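> This is a predicted model, with the sequence first.
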Amino acid sequence: MPEDDFTPKLGRKRGKDGKRTVKYGGRILAAARLAGTKTRVRSHRFDGSRIGRGASMGRLLSSRDRPAGFRGRRAVVKASLIRLQGKAGQVARAHMRYIQRDGVTREGLPGELYGPETDRADGDDFVKRTAGDRHQFRFIVSAEDGAEYPDLKPYVRRFMSQVEQDLGTKLDWVAVDHFNTERPHTHIVLRGVDDQGGNLIIAREYIAHGLRERASELVTLDLGPRTDREIEARLRHDVDQERLTAIDRRLLRRMDADRTVSPADNDPFQQSIAAGRLRKLKTMDLAEDIGGGRYRLAEGMEDALRRMGERGDIIRLMQRELTARRLYRAGVEQVVATDLREPIIGRLIQRGFSDEHRDRHYVMVDGIDGLVHYIDIGRGDATPSVPEGATVRIAPSRLEATQADRTIDAVARAYGGRYSVDLHLRHDPTASEAFATSHVRRLEAMRRAGAGPERQADGSWTIPDDHIARAEVYAQRQQRDRPVMLSVLSRSPVADLAVKDAPTWLDRELVEGGHGAVRDAGFGREVRTALAARRQWLIERQLADGEGTVFRYRDGALDTLRQRELRQAGERLSGDLGKRFESARAGEQIEGVIARRVDLESGSFAMVERSRDFTLVPWRDVLERNIGKAASGIMRTDGISWQFGRGRTGPTIG
């Protein structure tokens, strides 16, 4: 047959019997399944982890084998991506201030910002360069033996140089070294642009594995592999620790399906370490001796040890901070309030990061109950800044779907899944426009958080059928971000409040009679002394009557104090503004420009400035974004319903 007449038939390869052949690898897998062997086949389903620079290097570093007895030094790298649209300057500057704060160097001085080629970088200049960036990366690098470095800068620069090689681009970054914790660490801020000005996309696989491996490599090269003596000393130290250790992780890997494990090991040292740790776990009720040299590990042992470690870290932090501030008292009781159930009143000792990576904060409070409390307050931007020494009240937040959510849902169900101010007023003729507008603010907050409601071009809203369920999820997310409500009772020292010609939180304690909970210890003792002095001061000025244990305020005494405070504040501000002060009266129409917030002892007030005079009215947090705007409203006993702009289209704040 001529070669030109050859016609190939395309299809799968078949055997001589005409049946389709199976690839050799497939035969192995089939045989393994028939033999009952558990064969794991890695899924190649796309998950996005390899999009971006460094994907192949991250995969290589994560898959390379460690030789038996590997003695490399460990390093931890925490990475986060921060989106900057709309608030780049605010977010970047706040973080830059934080990492350069006081007390982070070995000498207790402010942090020093440096870069690839300079020991003194300009933070403001770096922030200006980030103004047009879509995002930035933040790394926290902590080498296990970082304390052995006299200076971390060369290590960090070589680390970032290696990252540049892995990613194939020059990087624009600044860093600050911190030595104020048990392990020195470095905060690195990396611009989210490459050397061509495009968005810098780093593969998740490199962030998850490559950064840590590179940091570990370098510290091992610098300090050498861990010696037998270092490894053994670390393990001996871990035997009695009340936290999760490397020994525990090894025991968990070796336990069988019944959670039983034996310390037996070919290495006598490893056997003695495991046996000692199991005895320690038994004393903590985390392991049970079942005889024959075997132990059963408790369910949830890993989580329990991790919580113990966190609690131990907190207690050491509290002792260190109290000692540094000379507030440590022999026998002082400390409370780690991880789940606040009752309100706490006390003096703010310190605010700091409980988790820098996730921007979670804590406060330490010297309570009137004689205890020092450590309280997780959630995300940093959920609680406003409060000066140290201020008296605060911290109460647990109980966030859930609100009556406003249920009202929105009821209106939407009556009008085909739509909600608007007009539909609300049609549904409930007794509701005010200000009241309906407050529901729109709730929808706006949920929309910004991605919780579901959609705003239409005409200003109405499309409300899904599961709106209440979505509102519950939104509330739970808020609860995680803001587990407590913190309010400032006074910024003045408590001793000064005894003679303040203004209503103070001491007066509220005296009126409510709740000062019985004030213990005669620590800050509680100071409050008891101030309460006694306050009672005497009020009696001498004929604002209260008292004899022995009997004490009561005279009618209108607190209102008199409030008017005095406002008048004194008005006179003080009048000299600065060159305008006269006018008191606001109930029922009066208030019109003017919201000039600024004024903090007084009795609370916060908004200064409303007019052409020839100004007045002070109760402050509300929603006024913050309207400073400098013209506003009007009616002064009532319960506050003001503000209106900005004209007609119904203008925003109203009730």
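Received, thanks.
> Tell me which helix or strand the nearest residue to residue 427 once chain neighbours are set aside sits in.
Ranked by C-beta to C-beta, 6 or more residues apart in numbering and with sequence neighbours excluded, the top spatial neighbour of residue 427 is residue 411, at 4.8 Å. Every residue, glycine included, has its C-beta placed from N, CA and C. Assigned by DSSP states H and E, residue 411 belongs to helix 403-414.
> Give me the mean pLDDT for that helix.
Averaged across helix 403-414, pLDDT comes to 93.
> Residues contacting that helix, please?
The contact list for helix 403-414 (C-beta atoms under 8 Å, 6 or more residues apart in numbering) reads 418-419, 423-424, 427-428, 438-439, 442-443, 461, 463, 467-468, 471.
> Out of these, who's the most crowded?
residue 419 (28 neighbours; other C-beta atoms under 10 Å).
> Residue 464 is in contact with that residue, correct?
No - between residue 419 and residue 464 no contact is recorded; they are 11.1 Å apart, counting by C-beta atoms under 8 Å.
> Return every residue with contacts to both of those two.
Joint contacts of residue 419 and residue 464 (C-beta under 8 Å, 6+ apart) are residue 453.
> Tell me the helices and strands packed up against the helix or strand just after the helix holding residue 411.
Following helix 403-414 in sequence order, the next helix or strand is strand 418-419 (DSSP H and E). Strand 418-419 is packed against helix 403-414, strand 461-462, with contacts defined by 3 or more C-beta pairs under 8 Å, 6 or more residues apart in numbering; DSSP states H and E.
> Give the buried residues for the longest one.
Counting neighbours by 16 or more other C-beta atoms under 10 Å, one finds that the buried residues in helix 403-414 are 404, 405, 407, 408, 409, 411, 412.
> Please apply the same query to stretch 452-468.
452, 453, 460, 461, 463, 467.
> want to try CSV for those, with pLDDT and distance to residue 148 as columns?
Below are the buried residues of stretch 452-468 laid out as CSV (pLDDT from 0 to 100; distance: C-beta to C-beta, whole Å):
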residue, pLDDT, distance to residue 148
452, 72, 52
453, 86, 55
460, 92, 64
461, 93, 60
463, 93, 60
467, 93, 57
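> Show me which of these is closest to residue 155.
Minimum distance to residue 155 across the buried residues of stretch 452-468 is 47.2 Å, recorded for residue 452 (C-beta to C-beta).
> ok, now which ones touch the residue nearest to that closest one when sequence neighbours are not counted?
Of all residues not flanking residue 452 in the chain, residue 470 sits nearest, at 4.5 Å (C-beta to C-beta, 6+ apart). Neighbour list for residue 470: 446, 451, 452, 453, 464 [criterion: C-beta under 8 Å, 6+ apart].
> Just the residues you listed: which are in helices?
Counting by DSSP state H, the part of these found in helices is residue 446.
> Using a markdown table, lay out the contacts of residue 470 together with distance to residue 210.
Shown next, in a markdown table, are the contacts of residue 470 (distance: C-beta to C-beta, whole Å):
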| residue | distance to residue 210 |
| --- | --- |
| 446 | 38 |
| 451 | 35 |
| 452 | 37 |
| 453 | 41 |
| 464 | 41 |
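> from the contacts of residue 470, which single one is nearest residue 194?
Nearest member of those to residue 194, counting by C-beta to C-beta, is residue 451, at 34.5 Å.
> Leaving out sequence neighbours, find the closest residue to that closest one.
residue 474 (4.2 Å).
> Let me know how buried that neighbour is, in neighbour terms.
21.
> Now that it has come up, it's in contact with residue 446, right?
Yes - using C-beta under 8 Å, residue 474 is in contact with residue 446, at 5.3 Å.
> picking that back up, that's a helix at the residue nearest to residue 451, yeah?
Yes - according to DSSP: H, G, I helix; E, B strand; the rest coil, residue 474 belongs to a helix.
> quick one: it and residue 359, what's the gap?
19 Å (C-beta to C-beta, to the nearest Å).
> What pLDDT does the model give residue 261?
Per-residue confidence (pLDDT) for residue 261: 93.
> Could you find the closest non-adjacent residue to it?
Setting aside the residues directly before and after it, residue 261 is nearest to residue 255 in space (C-beta to C-beta, 6+ apart), at 4.2 Å.
> can I assume the one you found is in contact with residue 297?
Yes - with contacts defined as C-beta under 8 Å, residue 255 counts as touching residue 297 at a distance of 5.6 Å.
> Find residues that contact each of these two.
Common contact partners of residue 255 and residue 297 (C-beta under 8 Å, 6+ apart): residue 261.
> part of a helix, is the residue nearest to residue 452?
Yes - assessed by three-state DSSP, residue 470 belongs to a helix.
> Residue 501: what secondary structure?
coil.
> got the contact list for it?
Residue 501 touches 561, 564, 565, 568, counting by C-beta under 8 Å, 6+ apart.
> For the closest residue to the last one other than its chain neighbours, give me phi and psi.
If the residues on either side of it in the chain are set aside, residue 568 comes closest to residue 501, at 7.2 Å by C-beta to C-beta, 6+ apart. Dihedral angles phi and psi of residue 501 (degrees, to the nearest 10) take the values phi -90, psi 60.
> cool, and residue 340?
According to degrees, to the nearest 10, residue 340 has phi -70, psi 130.
> That one contacts residue 483, correct?
Yes - using C-beta under 8 Å, residue 340 is in contact with residue 483, at 7.2 Å.
> Give me the common contacts of these two.
residue 396.
> The residue nearest to residue 261: neighbouring residues, count only.
By the measure other C-beta under 10 Å, the count of residues near residue 255 is 16.
> Which residues are in contact with residue 168?
Per C-beta under 8 Å, 6+ apart, neighbours of residue 168: residue 53.
> per-residue confidence at it?
94.
> how far away is it from residue 380?
Taken as C-beta to C-beta, the span from residue 168 to residue 380 is 35 Å.
> for residue 307, same thing?
Plainly put, residue 307 is 23 Å away from residue 380 if you go by C-beta to C-beta.
> ditto for residue 152
For residue 152 relative to residue 380 (C-beta to C-beta), the value is 25 Å.
> re the thing from before, residue 307 and residue 380: who's more crowded?
Between residue 307 and residue 380, counted using other C-beta under 10 Å, the more crowded position is residue 380 (19 against 15).
> pretty sure the more buried one is in contact with residue 361, am I right?
Yes - using C-beta under 8 Å, residue 380 is in contact with residue 361, at 4.7 Å.
> anything in contact with each of these two?
Joint contacts of residue 380 and residue 361 (C-beta under 8 Å, 6+ apart) are residue 353.
> So residue 176 lies in a strand, does it not?
Yes - counting by three-state DSSP, residue 176 falls inside a strand.
> and it, what is it in contact with?
99, 100, 104, 111, 112, 113, 114, 186, 187.
> what sits up against the helix ranked longest in the chain?
Assignment by DSSP H gives helix 301-324 as the longest helix of the chain. Helix 301-324 is contacted from outside by 241-245, 248, 252, 281, 284, 286-287, 298, 328-329, 332, 334, 336, 349-350, 364, 372, 374, using C-beta under 8 Å, 6+ apart.
> any idea of the mean pLDDT in that helix?
Mean predicted confidence for helix 301-324 is 85.
> And for stretch 472-485?
88.
> again, but for stretch 271-289
94.
> and which of the contacts of helix 403-414 is nearest residue 529?
Nearest to residue 529 among the contacts of helix 403-414 is residue 438, at 43.4 Å by C-beta to C-beta.
> How many neighbouring residues does the closest residue to residue 241 other than its chain neighbours have?
Leaving aside its sequence neighbours, residue 241 sits nearest to residue 309 (C-beta to C-beta, 6+ apart; 7.8 Å). Neighbour count for residue 309, taken as other C-beta under 10 Å: 15.
> Would you mind stating the distance between residue 309 and residue 316?
Residue 309 is 11 Å from residue 316, by C-beta to C-beta.
> okay, who's weakest in the contacts of residue 176 by pLDDT?
For the contacts of residue 176, the pLDDT minimum is residue 104, 80.
> Could you list which residues are in contact with that residue?
110, 111, 176, 177, 178, 179, 180.
> And it, its phi and psi?
phi -100, psi -10.
> Check the one 3 residues further on too.
For residue 107, the backbone dihedrals (degrees, to the nearest 10) come out as phi -90, psi 0.
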